[in-house]
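> Predicted model, plus sequence, below.
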Amino acid sequence: MKKPGSAQAHQELDLDPSGGHTLEALHVLTEISSNLADEDDLDELLGRFLGTMIRLAKADAGVVRVLTSDGQHLRMVASRGLPPEVVEKERLVSRDCGQCGIAIGQNRPCFEIDLTACAERTGSDYFSVGCQAMVVVPLQNAGRLLGTYNLFLPEAFELPEEVALLFRAIGEHLGMALENARLKRENLRVVLTSERQMMAAEIHDSLAQTLAYMKMRMAMLNDAIAEQSLERTAKYAGDVGQALDDAYGHLRELLVQFRSRMDPMGLEHALHGLACGFQERTGIPLRYDNQLTDLRLAPEQESQVFHIVQEALANVARHSGATEASLTLEAAGDYYTATVEDNGRGGQGFFAIANRVGGFDEHPGLRDHFGLTIMRERARKIGGRLEVVNLPQGGFRARLSFPPGGGVSA
């Protein structure tokens, strides 16, 4: 496919024996690699390197495409140098179309002079007048197609092998970036789904149970009114009023919790802020003792630990009747521990009740054992364990033990 004078083409591509092109290639690959880990806008990344690809190929125009969700088409992400009417026709093409399909099937950059198929598809004379050849660079990762670069050349000469190898390396690197972005989106969906399920569970285990209790009490209240029993009417009306107050309190707590987000500075900073505001919110002094010098957790682990400690402290305020409490972070062997203690009623407190109750009880205060179930579920997600005990001197202790690292179970 080379024209006579391919040496001229070699010269135009700056493939000089001094290694200048090699240095440029290394620079391009280094720049791509440096953007793989932290690039969130992959369309922008691919569009940015389109100019680089056009320059390396000495092309006049180019497009970059990504595979659509149905796996059958390629969607245009960015274009340069193409006439507007061609851009409109090229926004969505079949993955099996012409030379794109060949390059994809062979998983290598493909050079083509005959652009008849492109001309017929777009109905434009650009592919017979303005463009004489095309290079297709597939973007793949582990054999999976993710996108392509199409580079349109003003002269029909074959690219040197060195440039083809460079394009293949670039295609593999950018394919890796696309795959990382796909995995990141999937992980985000999993996290969001898990968090929504957790929110639904917390609403069910607080408001829904309280409303179920109120519904039963309302039936009893109606019977008492019908039977004109003033004593029972007063009792059930009082129960409904108390349950309504509990439901309102739970709702406010849930709203505060759902609005709470992990401090961007990390778990230690977030817990310090939680501890500093505890006495102001509850009137109960809290001693915060952080004995850790290096807390290594993934963001999702930090979020789960934060919400467990937050719920434990909320139950100190709600149920313990304590006059003081403590929050301690420390290392115990290969695990971290977060411990909440208070000097409250102990055997009458939230966690003592939660340990005794095996199922739903009609007393509204006993329904809070569902909160303990949620806390234990959060602990399980990070490979940890939650233990609650009554203290001999009164009060209770809730201790979360969890491993370092980034492991989070589904």
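Perfect, I can see it now.
> can we go C-alpha only for contacts and neighbour counts from here?
OK.
> can you give me the helices for the stretch 101-250 of the chain?
Applying DSSP state H, counting those that start in this stretch to the stretch 101-250 of the chain gives helices spanning 116-122, 126-129, 161-203, 209-226, 230-259.
> do the stretch 251-400 of the chain as well
267-276, 278-282, 299-315, 350-356, 369-381.
> Lowest average pLDDT across the ones you listed?
Across those, helix 350-356 has the smallest mean pLDDT, namely a mean of 41.
> quick one: low-confidence parts of the stretch 101-250 of the chain?
107-108, 158-160, 185, 188-189, 192, 198, 202, 204-206 (pLDDT under 70).
> Sort out which residues of the helix or strand in which R55 is found are buried, please.
Assessed by DSSP states H and E, R55 sits inside helix 42-57. For helix 42-57, the neighbour count (16 or more other CA atoms under 10 Å) marks L42, D43, L45, L46, G47, F49, L50, G51, M53, I54, L56, A57 as buried.
> JSON lines for the residues you listed, including distance to G283 and pLDDT?
Converted to JSON lines, the buried residues of helix 42-57 look like this (distance: CA to CA, whole Å; pLDDT from 0 to 100):
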{"residue": "L42", "distance to G283": "49", "pLDDT": "69"}
{"residue": "D43", "distance to G283": "52", "pLDDT": "73"}
{"residue": "L45", "distance to G283": "52", "pLDDT": "74"}
{"residue": "L46", "distance to G283": "55", "pLDDT": "80"}
{"residue": "G47", "distance to G283": "56", "pLDDT": "81"}
{"residue": "F49", "distance to G283": "58", "pLDDT": "80"}
{"residue": "L50", "distance to G283": "61", "pLDDT": "86"}
{"residue": "G51", "distance to G283": "62", "pLDDT": "85"}
{"residue": "M53", "distance to G283": "64", "pLDDT": "83"}
{"residue": "I54", "distance to G283": "66", "pLDDT": "87"}
{"residue": "L56", "distance to G283": "68", "pLDDT": "80"}
{"residue": "A57", "distance to G283": "70", "pLDDT": "81"}
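> Out of the residues you listed, the closest to P403 would be?
Minimum distance to P403 across the buried residues of helix 42-57 is 33.6 Å, recorded for L42 (CA to CA).
> rewinding a little: how about the helices of the stretch 101-250 of the chain in CSV, adding mean neighbour count?
Converted to CSV, the helices of the stretch 101-250 of the chain look like this (neighbours: other CA atoms under 10 Å):
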stretch, mean neighbour count
helix 116-122, 14
helix 126-129, 16
helix 161-203, 17
helix 209-226, 17
helix 230-259, 15
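> For P299, find the nearest of those helices.
helix 161-203 (10.9 Å).
> next one: the closest one to chain centre, how far?
10 Å (CA atoms, centre = their mean, to the nearest Å).
> who does that helix touch, helix- and strand-wise?
Using 3 or more CA pairs under 8 Å, 6 or more residues apart in numbering; DSSP states H and E as the contact test, the elements touching helix 161-203 are helix 20-36, helix 42-57, strand 133-141, strand 144-153, helix 230-259, helix 369-381.
> so which of those comes closest to N180?
Going by CA to CA, the one of the helices and strands packed on helix 161-203 nearest N180 is helix 20-36, 7.9 Å.
> Pull the contacting residues for G266.
Shown in contact with G266 (CA atoms under 8 Å, 6 or more residues apart in numbering): P299, E302.
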